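**Student:** Pasting a predicted model and its sequence here:
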Amino acid sequence: MITQFLEGTNFDNKMIFIVEDDEEYATSLEIFIRNRFSGIKEIKKFRKGEICLFELRHDPCIIIMDYFLKPEFEKPENNLNKIKQIKVLKPKTEIIVLSTHEKLNGVTETIKDYNCYYVQKDKDTFGKVELLIEKFLTHQKTHGFMWN
């Protein structure tokens with residue numbers, strides 16, 4: 001399994017951001033990642049993309065974000081603009097975009113133009129995220145794609 005492959009690998013200086021408005025889902029994903037990659041320095045969770053942008057000064061190596069976030073008083077917004085801003089400010093940061101939707105035109109554009117990764121939220125999401133994190137942390141070169 002991947003965790004056996006990564007044993008002894010030092011990720012102490014690596015930080016992951018999770019941008020997800022569903023607190024239970026974000027916590028489950030955080031616990032899953034911590035169990036699979038025990039050497040990760042820190043995992044920070046954010047409910048809003050704006051806060052993630054502000055916290056980029058902490059230099060995350062990976063950002064996992066829900067494509068649609070539900071603001072308190074407005075209609076749901078997509079994170080396309082946030083993704084673009086992250087890639088301008090931190091071009092080496094890997095971004096995994098999660099969504100329950102099978103196909104999204106904006107996500108396809110983002111993946112193509114900003115070398116992001118799309119994973120559909122389903123029963124296999126965490127395993128797919130694990131494989132991507134393993135690739136990122138072992139510096140295997142990949143190109144953005146849709147994985148659903």
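**Tutor:** Okay, I see it. Numbering: from 1, shown residues only.

**Student:** In this structure residue 34 contacts residue 43, no?
**Tutor:** Yes. Residue 34 is within contact range of residue 43, at 6.6 Å (criterion: Cβ atoms under 8 Å). Backbone N, C-alpha and C define where each C-beta goes, glycine included.

**Student:** Neighbour count for those two, which is higher?
**Tutor:** residue 43 (20 against 13; other Cβ atoms under 10 Å).

**Student:** give me the element the more buried one is part of.
**Tutor:** strand 42-46 (DSSP states H and E).

**Student:** Show me which residues of that strand are buried.
**Tutor:** By neighbour count with 16 or more other Cβ atoms under 10 Å, strand 42-46 contains the buried residues 43-46.

**Student:** Name the nearest of these relative to residue 93.
**Tutor:** Distance to residue 93 across those (Cβ to Cβ) is lowest for residue 44, with 13.1 Å.

**Student:** List the contacts of that closest one.
**Tutor:** Residue 44 sits next to 15-18, 55, 58, 60 when contact means Cβ atoms under 8 Å, 6 or more residues apart in numbering.

**Student:** go on, residue 16?
**Tutor:** Listed by Cβ under 8 Å, 6+ apart, the contact partners of residue 16 are 33, 40, 42-44, 60-64, 133.

**Student:** Redo the residues you listed as a markdown table? Include pLDDT, secondary structure and distance to residue 22.
**Tutor:** Shown next, in a markdown table, are the contacts of residue 16 (pLDDT from 0 to 100; DSSP: H, G, I helix; E, B strand; the rest coil; distance: Cβ to Cβ, whole Å):
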| residue | pLDDT | secondary structure | distance to residue 22 |
| --- | --- | --- | --- |
| 33 | 97 | helix | 16 |
| 40 | 88 | coil | 21 |
| 42 | 94 | strand | 21 |
| 43 | 97 | strand | 16 |
| 44 | 97 | strand | 16 |
| 60 | 95 | coil | 20 |
| 61 | 94 | coil | 23 |
| 62 | 96 | strand | 19 |
| 63 | 97 | strand | 16 |
| 64 | 97 | strand | 13 |
| 133 | 95 | helix | 20 |
